[in-house]
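# Generate coordinates for the sequence data below:
(4 chains)
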Protein chains: 2
Amino acid sequence: MSEEKQEYNVENAKSQMRKGFLEFPVLLIIGAKPTYAPDILKQLKNANLLVVEGTLYPLLSRLKRSGLVGYEWLESPSGPPRKMYTITLEGKEVLQQLETSWRSLDTSVNTLINHYEKSN
Amino acid sequence: MSEEKQEYNVENAKSQMRKGFLEFPVLLIIGAKPTYAPDILKQLKNANLLVVEGTLYPLLSRLKRSGLVGYEWLESPSGPPRKMYTITLEGKEVLQQLETSWRSLDTSVNTLINHYEKSN
DNA sequence: CCAAGGTACCTTGCAATGCATAGTACCGTG
DNA sequence: CACGGTACTATGCATTGCAAGGTACCTTGG
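Coordinates of the predicted model:
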């Protein structure tokens, strides 16, 4: 059994933290108002959530395939047409469940922090 | 291009939410006091964070390989010996960084919720 | 008219991780 | 000494973030 030490990469950890929960912020944004991809990227960036194209587009496709969002093409004042995504009824329901899950996770983790952090 | 609809699975979403960020609670627990795997599972369960063996053991191995934790064998009052994990100095540093990342994520998401949720 | 640059969308392949499943090994007890 | 409980380990799959590369539309300057 090799015992090679492997440097711990905090950047990777942050990246992994984003994993699987990005659907929630994206649904939140689309749920508030029809939007298209580059605008979603800007809003996430404003919120300090770094997401890149290569992550967002497949995510939007998944949401579409699952029926949580729909879209329609809209002409742009300058440039190619835009896919304006809108949330569906099913999307709204899932959004609420995701929010519940998030709150639960949030509470759990913050409780753990408060409970264990004093020991340092 | 196939347009087959794929049911959205909230359980899977929850599972994905846990992804990559479990290191943080686990490090928190080990950082507070030397512990062994089944006890960590209990504490996570108490905190409402469902984790199973098949997830925890590989995670502990990774933490060990990265030098964030160490362990020593301790005889059990009944049953096989236990791997008592302890946090290392490097582990404490990473723990603080993970906590910073968590707080940042927490703030971002809660801000998004407050900002967008009113539109419903 | 057309070349160049900007905008918008999409795809492919890799790495990391949660988890189900199955397996190994130690221990005490009846 | 067989059996059940405790503890640890290994294998393989599915999902997802992301880097990198690509296609297509539109406007503008020469």
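
# so where's the longest helix in chain A?
The single longest helix within chain A, with elements called by DSSP state H, is helix A:89-116.

# who touches the closest residue to A:Asp106 other than its chain neighbours in this structure?
Sequence neighbours aside, B:Asp106 is the residue nearest to A:Asp106 in space, at 6.3 Å (criterion: Cβ to Cβ, 6 or more residues apart in numbering or on different chains). For every residue, glycine as well, the C-beta is placed using N, CA and C. Contacts of B:Asp106 were listed using Cβ atoms under 8 Å, 6 or more residues apart in numbering or on different chains, and they are A:Asp106, A:Val109, A:Asn110.

# Between those, which sits nearest DNA strand C?
Within the set of the contacts of B:Asp106, A:Val109 lies nearest DNA strand C; the separation is 13.0 Å, counting by Cβ to the nearest atom of the strand.

# you'd agree A:Tyr71 is in a strand?
Yes. A:Tyr71: assigned to a strand according to DSSP: H, G, I helix; E, B strand; the rest coil.

# From A:Pro81, how far off is it?
Applying Cβ to Cβ, to the nearest Å, one obtains 11 Å for the distance of A:Tyr71 from A:Pro81.

# Same question for A:Glu117.
To A:Pro81, A:Glu117 is 51 Å away according to Cβ to Cβ.

# now A:Glu72
A:Glu72 sits at a distance of 10 Å from A:Pro81 (criterion: Cβ to Cβ).

# now swap in A:Leu95 and tell me
Separation of A:Leu95 from A:Pro81 (Cβ to Cβ) stands at 26 Å.

# Please report the distance of the spatially most central residue of chain A from DNA strand D.
In chain A, the C-alpha closest to the average C-alpha coordinate belongs to A:Leu22, at a distance of 1.7 Å (Cα atoms, centre = their mean). Applying Cβ to the nearest atom of the strand, to the nearest Å, the value for A:Leu22 to DNA strand D is 4 Å.

# And for A:Pro25?
Taken as Cβ to the nearest atom of the strand, the spacing of A:Pro25 relative to DNA strand D amounts to 10 Å.

# And the pLDDT for that residue?
Reading off the per-residue confidence, A:Pro25 sits at a pLDDT of 97.

# hmm, back to that, quick one, which of A:Leu95 and A:Pro81 is more surrounded?
Between A:Leu95 and A:Pro81, counted using other Cβ atoms under 10 Å in any protein chain shown, the more crowded position is A:Leu95 (21 against 11).

# Find me the pLDDT at that one, would you?
96.

# Next: A:Leu112.
For A:Leu112, the pLDDT comes out at 93.

# Next, count neighbours for it.
Using other Cβ under 10 Å, A:Leu112 has 22 other residues around it.

# That one: what's it in contact with?
The contact partners of A:Leu112, taken as Cβ under 8 Å, 6+ apart, are B:Pro25, B:Leu28, B:Ile29, B:Ala47, B:Leu49.

# Apart from its chain neighbours, what residue comes closest to the first one?
Spelled out, that is B:Pro25. Using Cβ to Cβ, 6+ apart and skipping residues adjacent in sequence, the residue nearest B:Pro25 is A:Leu112, 5.3 Å away.
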